[in-house]
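**Student:** Sequence and predicted structure are below.
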Amino acid sequence: MKNFALVQTIGSAVLLVYTIVLWGLPVAPALAMFDLITEQFLTDDKIINYVVYGLTVGACFMVYILSLLFMSGMTQRIIHVRIKGDKIVDNLESWTTIRWAVCAHLHRCTHPVLVHTIPSPICNAYYRLAGAKIGKGVQLNSINLNDPSTLTVEDKVVIGGRSIINGHLVEKDQIVLARVHLKKGCLIGSGTTIQPGVTIGEGSVIATNGLVGKWKNIPPGEVWAGLPAKCIKKSSSRNDIED
């Protein structure tokens, strides 16, 4: 891309303005709810009013959370990089990088409120809205599922707290976006890091604080652990007794 530095500078300024909108606009419905409730329920009793104010602020905060997640998720859904096949490779100074960077920034903007929704259907709905494919019965305990549009999570998957899943990397002055596929019933331990292009087989387990390097294909039903992760057990069944 010609004049990438200029585009990046102008884009950063525009993104700063949109961040103000993203964080500020969801306040509007919260304030409307505050006015509506307090007008209806305030009395001449100070103690009752304190209770009304407290509960109203809590309800308004939840409205703010939902509004912010919806707005961020919808924006990411519109502008995210569409990956044809398993990966896309482009020059670092490209529109692909800009679109990826904007989505990454928007996702980070949700962190202060997203943390209050895990694990819950609200969190799952946000990731779906942002472009992730999330199955049924999935439990997401991390706000660091980066690049949602690269992520496919099948039914009954559990992702532990503090886990990091990246769908991008930068190599040789190029940006690479690659799909990450977590198959049915697999378990990702807390603090685990999963790199781009990884497939975790059905029923497999990645132990706590493991690191699964890029392009790894974990076979079904195995247990992997370590830095980098290696197979430590051929079966993840709890009924198996090790020698």
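**Tutor:** Ah, there it is.

**Student:** Identify the spatial nearest neighbour of the residue sitting nearest the centre point of the chain, chain neighbours not counted.
**Tutor:** Central residue of the chain (Cα atoms, centre = their mean): Leu145, 3.8 Å from the mean position. Once flanking residues are discounted, Leu145 sits nearest to Ile165: 4.9 Å by Cβ to Cβ, 6 or more residues apart in numbering. For the C-beta atoms, the positions are set from N, CA and C on the backbone; glycine is no exception.

**Student:** Repeat that for Ile188.
**Tutor:** Among residues not flanking Ile188 along the chain, Ile159 sits closest, at 4.5 Å (Cβ to Cβ, 6+ apart).

**Student:** Kindly report the same for Leu42.
**Tutor:** Asn49 (5.4 Å).

**Student:** coming back round to it: who touches the residue nearest to Leu145 in this structure?
**Tutor:** Going by Cβ atoms under 8 Å, 6 or more residues apart in numbering, Ile165 touches 142, 144-147, 151, 159, 180, 188, 193-194.

**Student:** now Ala32: how far from Thr43?
**Tutor:** Ala32 sits 21 Å away from Thr43, going by Cβ to Cβ, to the nearest Å.

**Student:** okay, these two: which has more neighbours?
**Tutor:** Between Ala32 and Thr43, counting by other Cβ atoms under 10 Å, Ala32 is the more crowded of the two (12 against 9).

**Student:** so where does the more buried one fall, helix or strand?
**Tutor:** Here Ala32 sits within helix 27-41, counting by DSSP states H and E.
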